[in-house]
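Participant: what would the 3D arrangement of this be:
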Amino acid sequence: MAGTTPDTKDTMTVHSPRRRRSAAALIASAVLALSGCGFISSLSGDGDTDTTKPGTAPGITDAKLDEPRSLDGASPIGPGTDGMAQLTGASPVATDSDALKLTVDPRTDGAYAKYYSQKIEWKGCEKPEWRQAQCATVTVPLQWSDPSKGDIDLQLTRRSVAESEKKGSILINPGGPGGSGADTVGSYGDYIVTDTLRSSFDIVGFDPRGVADSHGIRCIGDDKMDAWMDGTYFSSDPDDVEGQAKEMKEAFDQCAQNSGDILPYMDTFSSARDMDVIRAALGEDKLDYLGFSYGTFLGATYAELFPDTTGHFVLDGALDPQLTGDEIAAGQARGFQASLEKFAKFCMDSGSECPLTGTPEEGAQQMMDWASSLEDKPLKGPDGRSLTPNLARTTIISMMYNTQNWQPLQNGLNQAMKNGDATTMMMLADFATERNQDGTYKGNSTWSINAVNCLDRQYVTDQKWMDEESERLKKAYPAVGDQMAYTGAICGSWPQKPVRQAATIDAEGAGPIVVIGTKNDPATPYEWSVSLNEQLADSTLITYDGWGHTAYGSSGGCVEDAVDEFFLNGTKPQDGLTCS
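Facilitator: Down below sits the predicted model:
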């Protein structure tokens, strides 16, 4: 990171390396916001049943979720947390979740009848990139505890099969939070599931509330997004942590000003209830679901709230629901450090030009040191934009999600680090940040990921704790650690307080549920999938011994065959199945 040694300016003032590092990492954290990012594509490819009243599950009107963890002096848990200070001082929680605490069952209460009686009207999609899909909307209440407060429409897309071949529908969530399921199915419908499933099921994607085309929240305009992504949005002195935090809060406050009434209601409880309306509108007695990354948390929450309508659920790359945001960040720091070192070895062993030398750990550090050097000497891309430290780090880390992107990253780093040519790195940066050629940005995941995470999870917001955690993570995971310590600063500046406390999920009465964990997943460490599988009352774990984020579609057939058989015939994968 820039400023890891004392910095001398014209005034000969010596600045604290910790303060400068924390200010820079604050910006990096705001740009990265990596918690649970989901489906990342590779660069190589682009009835008559009455479902309105399926019966009331015990406790559905006042969901009996598992007992929350006490964080008052709690010892951290989860991978990457060895040596982390106690979690005393976690952000206060406004625990009255609107969607959790209902006094009625919306599936049978008349006030919600118009939502549960909807019939979807599919039609051709207007977006050219969705031309092979069909589009529709489903209406849900803005505020689940009071449907009189207004409605919102959720965007859906579908890749359909002939009615004579159809076994049902599978709902997809690609992760994020903030990932567009509508775009995933609309644009990548040929890749998200196998031909086997596509020939037997309608594949349905949706944009959760506040995401993309479902009343997507808006914060700053596209004209300022380039500056946000490259880190030049902040005008405060690089040493001024408080000043940059103030600027971040001002930017986040614009989310509340520009997004209407939806911002407080983007929590996962609300989205899970929305999914049940989608189930009913699809005409399904039970919901079949494939969720990646954050989508595993959304799916597990649905199963907890609606066990009796939980059908075949597959949760790939699990988030552990009992972890705080800081514990998640620590696990990701460990995961990305390992992946960066694995990439460095891949690069050095490839037989082609590689700018990295030495051990894998040294190679990983060389990438990040080079990124930091761009603070003083940014590289110009072909369109005049600059490759800055933040943009370079975001690009490098984003490429760790899919091993198919490692060769393009190697090419880009070789050109940039050896020859000063940022062409390929800027192309990869635009891919990673979803920037279009005309300068606009696809979707709104930069903002919606914060909106959901800051409602769903608690973080420690104390500056001293975050600075100490940055030092710990930097020592343990030198390439990325200090960038992962300031997630609490993001949510501390966010307009809304969390509505959920960290707790396990057992989804008693639902199942069986299939959980998939990848041994070397950078974003959702394998231990999280093991933990979720242990929490769920009826589940089985598939282990993929490989690299990259999530396994279905990447394992070469083993994971895919087991999942397809589960969806097609209800055959539960053998306990302890390992694929490689």
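
Participant: touching, residue 141 and residue 109? I think so.
Facilitator: No. Assessed by C-beta atoms under 8 Å, residue 141 is found out of contact with residue 109, at 11.5 Å. No exception for glycine: its C-beta is placed from N, CA and C like everyone else's.

Participant: so which of the two has more stuff around it?
Facilitator: residue 141 (25 against 14; other C-beta atoms under 10 Å).

Participant: who touches the residue nearest to that one when sequence neighbours are not counted in this structure?
Facilitator: Leaving aside its sequence neighbours, residue 141 sits nearest to residue 147 (C-beta to C-beta, 6 or more residues apart in numbering; 4.0 Å). Counting by C-beta atoms under 8 Å, 6 or more residues apart in numbering, residue 147 makes contact with 106, 111-112, 115, 141.

Participant: pretty sure residue 319 is touching residue 524, no?
Facilitator: Yes. Look at residue 319 against residue 524 with C-beta under 8 Å: they come within range, at 6.0 Å.

Participant: biggest helix in the protein by residues?
Facilitator: Scanning the chain for the helix with the most residues, using DSSP state H, yields helix 325-349.

Participant: and it, what's buried?
Facilitator: Neighbour counts over helix 325-349 (16 or more other C-beta atoms under 10 Å) mark 325-348 as buried.

Participant: picking that back up, what's the residue nearest to residue 141 sitting at in phi/psi?
Facilitator: phi -70, psi -10 (degrees, to the nearest 10).

Participant: and if you look at residue 543?
Facilitator: In terms of degrees, to the nearest 10, the main-chain angles of residue 543 are phi -110, psi 130.

Participant: for it, which non-adjacent residue is closest in space?
Facilitator: residue 578 (4.5 Å).

Participant: could you give me the average pLDDT of stretch 145-157?
Facilitator: Here stretch 145-157 scores 96 as its mean pLDDT.

Participant: look at residue 243 and report its pLDDT.
Facilitator: On the pLDDT scale, residue 243 gets 80.

Participant: so the spatially most central residue of the chain versus residue 260, what's the distance?
Facilitator: By C-alpha atoms, centre = their mean, the chain has its centre lying nearest to residue 176, at 2.2 Å. As for residue 176, its distance to residue 260 is 20 Å (criterion: C-beta to C-beta, to the nearest Å).

Participant: repeat for residue 533
Facilitator: In this view, residue 533 and residue 260 are 39 Å apart by C-beta to C-beta.

Participant: which one's more surrounded, the two?
Facilitator: Using other C-beta under 10 Å as the criterion, residue 533 and residue 260 rank with residue 533 on top: 20 against 14.

Participant: I figured the more buried one was touching residue 542, is that so?
Facilitator: No. Residue 533 lies out of contact with residue 542 (C-beta under 8 Å); the separation is 9.4 Å.

Participant: overlap in contacts of those two?
Facilitator: The contact sets of residue 533 and residue 542 overlap at 515, 517 (C-beta under 8 Å, 6+ apart).

Participant: go ahead and confirm residue 165 touches residue 199.
Facilitator: Yes. Counting by C-beta under 8 Å, residue 165 does reach residue 199; the two are 6.4 Å apart.

Participant: quick check, residue 454 in a helix?
Facilitator: Yes. Assessed by DSSP: H, G, I helix; E, B strand; the rest coil, residue 454 belongs to a helix.

Participant: after the helix or strand bottoming out on mean pLDDT in the chain, next one along is what?
Facilitator: Ranked by mean pLDDT, DSSP states H and E, the weakest helix or strand in the chain is helix 17-32, scoring a mean of 51. Later in the chain than helix 17-32, the nearest helix or strand by DSSP states H and E is helix 113-116.

Participant: who are the packing partners of the helix or strand following that next one?
Facilitator: Downstream of helix 113-116, the first helix or strand assigned by DSSP H and E is strand 123-124. Under the contact definition 3 or more C-beta pairs under 8 Å, 6 or more residues apart in numbering; DSSP states H and E, strand 123-124 sits against strand 134-141.

Participant: quick check: buried residues in the helix or strand just after the strand it packs on?
Facilitator: Toward the C-terminus, strand 134-141 is succeeded by strand 151-159 as the next helix or strand (DSSP H and E). The neighbour-count check on strand 151-159 (16+ other C-beta under 10 Å) flags 152, 154-159 as buried.

Participant: orientation of the host helix or strand of residue 364 relative to helix 325-349 in degrees?
Facilitator: Per DSSP H and E: residue 364 is located in helix 360-373. Interaxial angle, helix 360-373 versus helix 325-349 (axes from the mean of the first three to the mean of the last three C-alpha atoms, to 10 degrees): 110 degrees.

Participant: what lies in contact with helix 360-373?
Facilitator: 1-2, 4, 337, 340-345, 347-348, 355-358, 389, 392-393, 396, 413, 416-417, 478-480.

Participant: ok, back up a step: the residue nearest to the centre of the chain contacts residue 447, correct?
Facilitator: No. Using C-beta under 8 Å, residue 176 is not in contact with residue 447; the gap is 11.0 Å.

Participant: quickly list what's touching both of those two.
Facilitator: Counting by C-beta under 8 Å, 6+ apart, nothing touches both residue 176 and residue 447.

Participant: mind jotting down where the helices sit in the stretch 451-580 of the chain?
Facilitator: 463-476, 487-493, 526-535, 558-569 (DSSP state H, counting those that start in this stretch).

Participant: what about residue 474, how many residues nearby?
Facilitator: By other C-beta under 10 Å, the residues close to residue 474 number 21.

Participant: how about residue 231, phi and psi?
Facilitator: phi 90, psi 0.

Participant: roughly how far does it sit from residue 255?
Facilitator: 19 Å.

Participant: now residue 412: which helix or strand?
Facilitator: Using DSSP H and E, residue 412 maps to helix 406-419.

Participant: in that helix, which residues are buried?
Facilitator: 406-417.

Participant: export the very next helix or strand once past it as PDB, just CAs?
Facilitator: Once helix 406-419 ends, the next helix or strand along the chain (criterion: DSSP H and E) is helix 423-433. Output of helix 423-433 as PDB, limited to C-alpha atoms (Å, rounded to 0.1, in the frame of the first residue of the first chain):
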ATOM      1  CA  THR A 423      -4.400  -1.500 -22.400                       C
ATOM      2  CA  THR A 424      -5.200  -5.100 -21.200                       C
ATOM      3  CA  MET A 425      -5.400  -4.100 -17.500                       C
ATOM      4  CA  MET A 426      -7.900  -1.400 -18.300                       C
ATOM      5  CA  MET A 427     -10.000  -3.800 -20.300                       C
ATOM      6  CA  LEU A 428      -9.900  -6.200 -17.400                       C
ATOM      7  CA  ALA A 429     -10.800  -3.400 -15.000                       C
ATOM      8  CA  ASP A 430     -13.800  -2.500 -17.000                       C
ATOM      9  CA  PHE A 431     -14.900  -6.200 -17.000                       C
ATOM     10  CA  ALA A 432     -14.400  -6.300 -13.200                       C
ATOM     11  CA  THR A 433     -16.300  -3.100 -12.500                       C
END
